[in-house]
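**Student:** sequence first, predicted coordinates after that:
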Amino acid sequence: AFAMAWRKLAVLINNEGRDFAGMQAAISTAYRHRDRLTEMERLLTEGFYFTRGPQRDHPKALAAYEAAANLDSLSTAALNNAAVIFGEMNQYEKAEEYYRKVVRLPRPFGGGFTNLLTEQIRNGRSAAALDSTVELYRATLPESNDFWEAQWYAAWGKGDMATADSVALAVAASPKSLRQSLRSASGLSTLAEIRGMVGDARLLKARFIETLDRAEPSAANRLQAALDTAYYEAVYGDRATALVVVRRALARIPMSEIAPDLRPWNTLGNLGALTGDVALARQGLDGWERDQAALSGIPAARRANLAAGVAYAGRKWDDVITLITAAETGFAVDPRFAALVRGQAYMESGGPDSAIASFERFLAQREAIPTSDATFRADVLKRMGEMYEAKGDRAKAIDYYGQFIAQWAHADANLQPRVQEIRERINRLRGETG
């Protein structure tokens with residue numbers, strides 16, 4: 001009972017997404033005393049230890065969960081956690097296979113259905129397949145407060161952003177829980193940004209942080225609100241302004257006011273990469289190294305990812321390619337994001353053919369949760385058009401330029417000059433072709 005209680009405490013802390021040090025201490029204690037457990041509890045403890053403990057080992061975790069599933073084919077913990085690991089290892093077909101087992105268990109849970117949908121989206125499943133999962137969720141858990149999330153994922157997976165917005169708007173208008181308030185605002189913000197409606201995206205993201213801070217006041221939330229402002233400036237506005245926002249925010253809310261495991265070093269590193277500020281990217285890497293490396297489970301891969309941001313800020317493109325590939329190999333980033341970063345590095349270093357191949361891989365796979373798409377997809381489409389235009393392939397240039405215009409058709413007024421420029425390029429290319 002002693003070891004089992006520590007495992008359950010670790011799972012509870014992990015699900016809350018906070019106090020990572022406490023979570024790792026709890027699962028480490030359970031692991032040390034696993035010989036006191038039943039075989040099933042021992043396997044579940046080993047699986048969790050090698051998934052979220054201080055020394056992650058995906059194959060060992062998977063072996064433990066699969067052994068547990070062999071002992072009890074109806075174990076939600078064994079099957080669902082095996083599916084999570086397959087997803088983290090970028091084995092999306094296997095992840096989908098295991099989530100299908102999870103949703104067919106006698107006592108399924110809502111997250112099993114939404115997890116299945118995310119893997120189906122990654123695997124490029126048809127609209128009919130996504131709709132089938134939604135209907136199975138409806139029939140199995142008709143009273144679930146989270147059913148709308150399945151509807152949102154399915155709409156996004158089908159490219160139907162109007163329906164996704166409609167679903168989220170209905171929930172946002174009358175939320176029944178903090179989760180509904182936060183997730184509806186997040187979904188609306190993300191899809192607004194994808195379409196270049198950055199003003200709306202910023203307002204919705206601010207609503208997200210304000211709602212969270214009312215429920216759970218913290219210095220971390222207040223700092224994140226400022227860093228969100230810096231992000232939108234870095235991507236869509238003025239990079240110098242973004243850096244001023246960051247400096248002022250850190251002066252007003254120093255990292256010392258935030259628990260070490262919650263300090264947003266990754267966010268600072270990303271902002272450094274986006275603004276081309278090597279010092280800021282390095283600050284993110286050094287802070288992570290000091291406060292969070294020991295908790296990461298896969299420190300070498302996460303270090304490589306942050307170091308890639310430093311190299312990106314410093315325009316050291318060969319280093320970017322090497323480091324992001326190391327991060328991908330160690331499962332710190334997924335193959336789609338790694339392809340995006342490599343494409344950017346190849347493009348900047350004068351390798352258009354390699355850039356095009358990398359960007360095509362990025363665009364070919366759907367993103368289950370459209371975070372990279374929100375920030376980068378429109379720019380990638382524009383860059384693809386430019387590279388094909390430079391190569392003299394007018395048809396492909398027009399195609400990618402057209403996709404860019406379609407995505408940003410309703411972009412904010414201050415972004416419309418970019419859209420108009422691409423329209424003019426298309427007209428010129430069509431004139432040259434005709």
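**Tutor:** On my side now, so go ahead. None of these values were measured; they are calculated from a predicted model.

**Student:** from residue 44, how far off is residue 37?
**Tutor:** 8 Å (Cβ to Cβ, to the nearest Å). Any C-beta I mention is one placed from the backbone N, CA and C, and that applies to glycine too.

**Student:** count the neighbours of the spatially closest residue to residue 53 that is not a sequence neighbour for me.
**Tutor:** Excluding its sequence neighbours, the residue lying closest to residue 53 (Cβ to Cβ, 6 or more residues apart in numbering) is residue 27, at 5.1 Å. For residue 27, the neighbour count with other Cβ atoms under 10 Å is 26.

**Student:** residue 5 is in contact with residue 27, correct?
**Tutor:** No. Using Cβ atoms under 8 Å, residue 27 makes no contact with residue 5, being 11.7 Å away.

**Student:** picking up where we left off before, pull out the buried residues from the helix or strand that the residue nearest to residue 53 is a member of.
**Tutor:** Using DSSP states H and E, residue 27 maps to helix 20-32. Residues of helix 20-32 classed as buried by neighbour count (16 or more other Cβ atoms under 10 Å): 20-21, 23-27, 29-31.

**Student:** how far away from the center of its chain is the host helix or strand of residue 223?
**Tutor:** Assigned by DSSP H and E, residue 223 belongs to helix 219-236. Chain-centre distance of helix 219-236: 17 Å, with Cα atoms, centre = their mean, to the nearest Å.

**Student:** likewise for stretch 127-147?
**Tutor:** That offset, for stretch 127-147, works out to 23 Å (Cα atoms, centre = their mean).

**Student:** and it, average pLDDT?
**Tutor:** The pLDDT scores in stretch 127-147 average 97.

**Student:** with only the CA atoms kept, save it in CSV.
**Tutor:** Output of stretch 127-147 as CSV, limited to C-alpha atoms (Å, rounded to 0.1, in the frame of the first residue of the first chain):
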residue,chain,number,x,y,z
ALA,A,127,-13.6,12.7,-42.5
ALA,A,128,-15.8,9.6,-42.2
ALA,A,129,-13.3,8.0,-39.8
LEU,A,130,-13.1,11.2,-37.6
ASP,A,131,-16.9,11.4,-37.5
SER,A,132,-17.2,7.8,-36.6
THR,A,133,-15.0,8.4,-33.5
VAL,A,134,-17.1,11.4,-32.5
GLU,A,135,-20.3,9.4,-32.8
LEU,A,136,-18.8,6.5,-30.8
TYR,A,137,-17.9,9.1,-28.1
ARG,A,138,-21.5,10.5,-28.1
ALA,A,139,-23.0,7.0,-27.8
THR,A,140,-20.6,5.8,-25.1
LEU,A,141,-20.5,8.9,-22.9
PRO,A,142,-23.6,10.9,-23.7
GLU,A,143,-23.3,13.1,-20.6
SER,A,144,-19.6,14.0,-20.9
ASN,A,145,-18.9,17.7,-20.5
ASP,A,146,-15.8,17.3,-22.7
PHE,A,147,-17.7,15.9,-25.7
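
**Student:** what lies in contact with it?
**Tutor:** Applying Cβ atoms under 8 Å, 6 or more residues apart in numbering, the contact partners of stretch 127-147 are 103, 108-111, 113-114, 116-117, 120-121, 150-151, 153-154, 157-158, 176-177, 179-180.

**Student:** and stretch 205-214, by the same measure?
**Tutor:** 178, 181-182, 185-186, 189, 221-222, 224-225, 228.

**Student:** now the helix or strand harbouring residue 241 against helix 219-236, angle please.
**Tutor:** Here residue 241, judged by DSSP H and E, is contained in helix 239-252. Between helix 239-252 and helix 219-236, the angle comes out at 170 degrees (axes from the mean of the first three to the mean of the last three Cα atoms, to 10 degrees).

**Student:** and whatever helix or strand comes next after helix 239-252, what does it pack onto?
**Tutor:** Note on helix 239-252: by DSSP H and E, the next helix or strand toward the C-terminus is helix 265-275. Packing contacts for helix 265-275, counted by 3 or more Cβ pairs under 8 Å, 6 or more residues apart in numbering; DSSP states H and E, involve helix 219-236, helix 239-252, helix 278-291, helix 299-313.
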